[in-house]
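1. below are the sequence and a predicted model; questions follow.
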Amino acid sequence: MQRPKPFLLITGFLGAGKTTLLRRSLHELNARNIKADVILNDISNADIDVATLDPSLLSSVSPLAAGCACCESLEELVQLCRTASSGKGDLLIAELNGTADPLVLLETFTLLENRLSFFPRYQVCVIDARYWGKRDEFQILERRQLETAGFFYISHKNKVQQTHLKILKKSIKSASKNSQEINLDKLVGMLQEDVSESKNKAMEEIASLNSNLKNSSTRSHLDDTAHKLSHRFTGCQFPLPDKVDSQRMGKLMDSLPNWVLRAKALVNIVDKPEYRWLYEKVGTELIQNPIPTYELPNAPSSLMCIGPKLAPGKIRSLIGSEFGVTKR
């Protein structure tokens, strides 16, 4: 009988810090001689985030481009999980894109648990300390991402006051009483322990780790408000010049309208030719330090934008103002 592997699902709203948590987890697991198979889901081009992962720290990585992976790409996601269950990795880590509703995916794992050899299953929701409770109409979707999680991880703590942080934690606990806060050390230690456990682990212990899932897996939510909101987001990709000036690239990212809730640009920088670079923006905040990428050396330079009501013509106009006309 195939030995079950631990499974970690990382959820959270756009730009909360899911991929950052993934990178840090892979680094810490590798230091413990543990390698993971990774599935990285993004709404438009998952290859961009995949390229920011150091391949030496993981067993395999599979990109999955889909808005709501639990709907149009559920079959593909399940197949990737089945492949990982028999792969060389010690565990599987899947990161859902920031607009996805994780509930149906968790229900699917419950229904197919005899065919998907992953135990125990954990979900960690990444909460951005700066923006929790400030998502306007999409707040219900962010709450869903938390309500289905057994654990929550608060990112960007250093950017808020301690009084705000205390209020934030009370709000999170009020939204999901069964979720527990976790930090990186505890998360990695928990996964390390599970990787080391014998294949004869009692099913009663597994059930106790999934109590939050069991409470939510008996209903279908495909037609509820939170799930419908996850389908309101769209993604558009725009070509950029082969090589760009770093200052002009930063100016373009900073000029994107507020209705672009998430933006990523993969580019070659004229004065930094040793890598390709990933620029990111979350809402109105431009992430100051571009991230070097490890792969995709031949992928064309491009800008990806995500939001509920994109206006591609406006974004093309901004690109044209900064760099001139580019091909569609």
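-> On my side now, so go ahead. This one's a predicted model, so the numbers in the text were calculated from it and none came from an experiment.
2. going by C-alpha atoms from here, please, whenever you check contacts or count neighbours.
-> Noted.
3. you'd agree residue 132 is in a strand?
-> No. Secondary structure of residue 132 (DSSP: H, G, I helix; E, B strand; the rest coil): coil, not part of a strand.
4. near the nearest residue to it once chain neighbours are set aside, how many other residues are there?
-> Once its chain neighbours are removed from consideration, residue 132 has its nearest residue in residue 168; the separation is 7.5 Å (CA to CA, 6 or more residues apart in numbering). Residues within reach of residue 168, counting by other CA atoms under 10 Å, total 20.
5. using the three-state scheme, assign residue 168.
-> Taken by three-state DSSP, the conformation at residue 168 corresponds to helix.
6. can you give me the helices in the stretch 1-150 of the chain?
-> Secondary structure of the stretch 1-150 of the chain (DSSP state H, counting those that start in this stretch): helices located at 18-31, 46-50, 74-85, 103-111, 139-147.
7. which of those sits most buried?
-> Compared across the helices of the stretch 1-150 of the chain, helix 139-147 shows the largest average neighbour count, a mean of 23 (mean count of other CA atoms under 10 Å).
8. how far off centre is it?
-> Taking CA atoms, centre = their mean, to the nearest Å, one finds helix 139-147 lying 14 Å from the centre of the chain it belongs to.
9. what of stretch 6-13?
-> Between the centre of stretch 6-13 and the centre of its host chain there is 8 Å, according to CA atoms, centre = their mean.
10. what do you get for stretch 160-178?
-> What separates the centre of stretch 160-178 from the centre of its chain is 22 Å, taken as CA atoms, centre = their mean.
11. what's next to that stretch, contact-wise?
-> 129, 130, 132, 143, 146, 147, 150, 157, 179, 212 (CA atoms under 8 Å, 6 or more residues apart in numbering).
12. from the residues you listed, which single one is nearest residue 12?
-> Distance ranking of the contacts of stretch 160-178 against residue 12, using CA to CA, places residue 146 first at 7.3 Å.
13. picking up where we left off before, do you know how far the residue nearest to residue 132 is from residue 174?
-> As defined by CA to CA, to the nearest Å, residue 168 lies at a distance of 10 Å from residue 174.
14. what's the answer for residue 37, then?
-> Counting by CA to CA, the gap from residue 37 to residue 174 is 34 Å.
15. likewise for residue 244?
-> Separation of residue 244 from residue 174 (CA to CA) stands at 47 Å.
16. between these two, who's got more neighbours?
-> Looking at residue 244 and residue 174 with other CA under 10 Å, you find the greater number of neighbours at residue 244, namely 16 against 11.
17. quick one, strands of the stretch 151-300 of the chain?
-> Remark: strands assigned in the stretch 151-300 of the chain by DSSP state E, counting those that start in this stretch are 151-155, 180-181, 234-239, 243-244, 262-269, 272-282, 285-286, 291-293.
18. and the ones you listed, which is most packed in?
-> Note that of the strands of the stretch 151-300 of the chain, strand 262-269 is the most buried (mean count of other CA under 10 Å), with a mean of 23.
19. so what strands line up beside that one?
-> Strand 262-269 has the following sheet partners, assigned by DSSP bridges: strand 243-244 (parallel), strand 272-282 (antiparallel), strand 302-307 (antiparallel).
20. whichever of the contacts of stretch 160-178 end up buried, select them in ChimeraX.
-> Of the contacts of stretch 160-178, the buried ones can be selected in ChimeraX as follows, counting by 16 or more other CA atoms under 10 Å:
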select :129,130,132,143,146,147,150,179,212
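21. tell me the contacts of the residue lying closest to residue 120 once chain neighbours are set aside?
-> The spatial neighbour of residue 120 that comes closest, neighbours along the chain excluded (CA to CA, 6+ apart), is residue 6 at 5.1 Å. Residues counted as contacts of residue 6 (CA under 8 Å, 6+ apart) are 90, 91, 92, 118, 119, 120, 121, 122, 191, 194, 195.
22. give me the neighbour count for the fifth one.
-> When neighbours are defined as other CA under 10 Å, residue 119 has 23 of them.
23. pLDDT wise, what is it at?
-> The predicted structure scores residue 119 at 80 on the pLDDT scale.
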